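Undergrad: generate a structure from the sequence data that follows.
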Amino acid sequence: MYKILIFIFFYAIIATLQARAQEFYTVPASDSITYQYYLKGDWENLIHAGKESIKHNIDFKWLRQRMGYAYFVKGDYYASQHQYEKALLFDKTDSISLTYLYYCGLYTNNESFARFQARKFPIAMQQRLGLKSLKILNAMDGEYNYKINSNTTRSNPGYYRLGISSQLSYRFNLYQAFSNYAQRIDSARIRQNEYFVLADWSVSSHISLDIAYHYLGTNIADTVTSKYNKRVKRTMNDTTFYPGHLFYTKLSCRQNRVDIAISGSILSYDSILTQQYGIQAGVVLPGRLNIYLRSSLYGLISPNNKKLIFAQSVGAYFFNSLWAEANITLGNLKNYSEMNGLYVYNSDDETTFRTGLSLFWYVTKKITLFGNYNYNKKQTPDINKSATNYNQHSISTGIIWKI
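TA: Numbering: from 1, shown residues only. The predicted structure is shown next:
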């Protein structure tokens, strides 16, 4: 008999605890508890209580906003973004959620996401934050690159680029760049003038479409030496001109810490048509360093030639204002384009391997300085089976100024 009484006693205790637990996991109880944690600034317990509530199917706007703010204060902007996006499901026009989503986009270097949120702000709020839909001159950037090679028949190439960015609306951005490349190979002087334009359209807060055009104008001027009556006379042949046209498009999706993209391009240069198709995937790992991994695989198709190119990069914040990224690219880069078609490797000397390191220093909110070092394995054209391999070191420096 006593065993039955003991069983009834423990059953009653368990039932009471379960009933009290059910009382705790209600909207009023969860609202009260998380609000108290919010007032105290107890972010860890607020996040824990929020997770427990959601686990028991207790979910509401204020809960998500408080969790989003707790993550924001802790500096976990990706987790904060996730919570505020959940809060928007309850109220799509809530200004608090939209504001923090805007700043989450800025702090995760996702400006298109931030602009997409800003377009929903009331006019008064846009004016208070100094935001404008149209900015003809939104940003400027400049880059200078100098390469040092070990081939005595090649001079050290130089490259510079000047670019401007225009925000035509909160969802549409236009970037234009003018660049120049110069090198001497044997007696030939090579100069390539380039123009690049990229249109970026935010289809949604997470999906964007990029369309670009890149013009390449290559001038090759050769010099010959002729002797007349023991006198040396140098004459220059007519300049040979090779125009090139690259058409590029990319569809990308960035969902919190993960981004994926597919791209395709067609390059017409020196009477050769090269098609390039690629897929890219990246992820930001949890943690204070925000370690970022990105892998890319490209297929290049040209007449009588098909090849694969693999690129891998890894980046991290080592200090609050310093970002470092290492990269490696495997494959023959002849007529390969990268960075949304901004760089095109159309030199006769093929790059067969590349690795390097980039540094970005965020000096102020408006000014970023960057530097890059790359090591390249190069190969001269295979003429009569006499191709020559040589090494090339590339050093770049530049500035980005947000106006």
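
Undergrad: and the next helix or strand past the helix or strand bottoming out on mean pLDDT in the chain?
TA: Taking mean pLDDT, DSSP states H and E as the measure, the chain has helix 2-24 as its least confident helix or strand, at a mean of 48. Per DSSP states H and E, the first helix or strand lying C-terminal to helix 2-24 is helix 27-40.

Undergrad: against which helices or strands is that following helix packed?
TA: With contacts taken as 3 or more Cβ pairs under 8 Å, 6 or more residues apart in numbering; DSSP states H and E, helix 27-40 sits against helix 2-24, helix 43-55, helix 61-74. Every residue, glycine included, has its C-beta placed from N, CA and C.

Undergrad: neighbouring contacts of it?
TA: Applying Cβ atoms under 8 Å, 6 or more residues apart in numbering, the external contacts of helix 27-40 come out as 23-24, 43, 45-46, 49-50, 53, 58, 60, 62-63, 66-67, 69-70.

Undergrad: longest strand in the protein, by number of residues?
TA: The longest strand of the chain (DSSP state E) is strand 207-228.

Undergrad: and that one, C-alpha only, in CSV?
TA: In CSV, the C-alpha atoms belonging to strand 207-228 read as follows (Å, rounded to 0.1, in the frame of the first residue of the first chain):
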residue,chain,number,x,y,z
ILE,A,207,19.3,38.2,-53.5
SER,A,208,21.2,40.5,-55.9
LEU,A,209,21.9,40.5,-59.6
ASP,A,210,25.1,41.9,-61.1
ILE,A,211,25.6,42.8,-64.8
ALA,A,212,29.0,44.1,-66.0
TYR,A,213,30.8,45.2,-69.2
HIS,A,214,34.6,45.4,-69.5
TYR,A,215,36.3,47.0,-72.5
LEU,A,216,40.0,46.2,-73.2
GLY,A,217,41.9,48.2,-75.7
THR,A,218,45.4,46.8,-76.2
ASN,A,219,48.0,48.7,-78.2
ILE,A,220,51.3,46.9,-79.2
ALA,A,221,54.0,49.0,-80.7
ASP,A,222,57.2,47.2,-81.9
THR,A,223,60.6,48.7,-82.5
VAL,A,224,63.2,47.5,-85.0
THR,A,225,66.8,48.5,-85.4
SER,A,226,68.2,49.1,-88.9
LYS,A,227,71.8,49.9,-89.9
TYR,A,228,72.6,52.3,-92.7
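
Undergrad: show me where this structure has its helices.
TA: Along the chain, the segments classed as helices by DSSP state H run 2-24, 27-40, 43-55, 61-74, 77-88, 95-107, 111-118, 123-128.

Undergrad: domains of this structure?
TA: Listed by automatic domain parsing, the domain ranges of the chain are 2-128, 135-402.

Undergrad: mean neighbour count added to the ones you listed, as a markdown table?
TA: As requested, the domains of the chain are exported to a markdown table (neighbours: other Cβ atoms under 10 Å):
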| stretch | mean neighbour count |
| --- | --- |
| domain 2-128 | 16 |
| domain 135-402 | 16 |
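
Undergrad: that older thread, and the contacts of helix 27-40, which is closest to Tyr159?
TA: Tyr69 (45.9 Å; Cβ to Cβ).

Undergrad: right, and Leu308 touches Ser296 too?
TA: No - if you go by Cβ atoms under 8 Å, Leu308 and Ser296 don't touch, sitting 11.0 Å apart.

Undergrad: residue contacts, the spatially closest residue to Ser112 that is not a sequence neighbour?
TA: Nearest residue to Ser112, sequence neighbours excluded (Cβ to Cβ, 6 or more residues apart in numbering): Ser202, at 4.9 Å. Contact analysis of Ser202 by Cβ under 8 Å, 6+ apart lists 112-113, 115-116, 170-172, 208.

Undergrad: what do you get if the cut-off is 10 Å, keeping everything else the same?
TA: Contact analysis of Ser202 by Cβ atoms under 10 Å, 6 or more residues apart in numbering lists 111-113, 115-116, 119, 169-173, 208-209.
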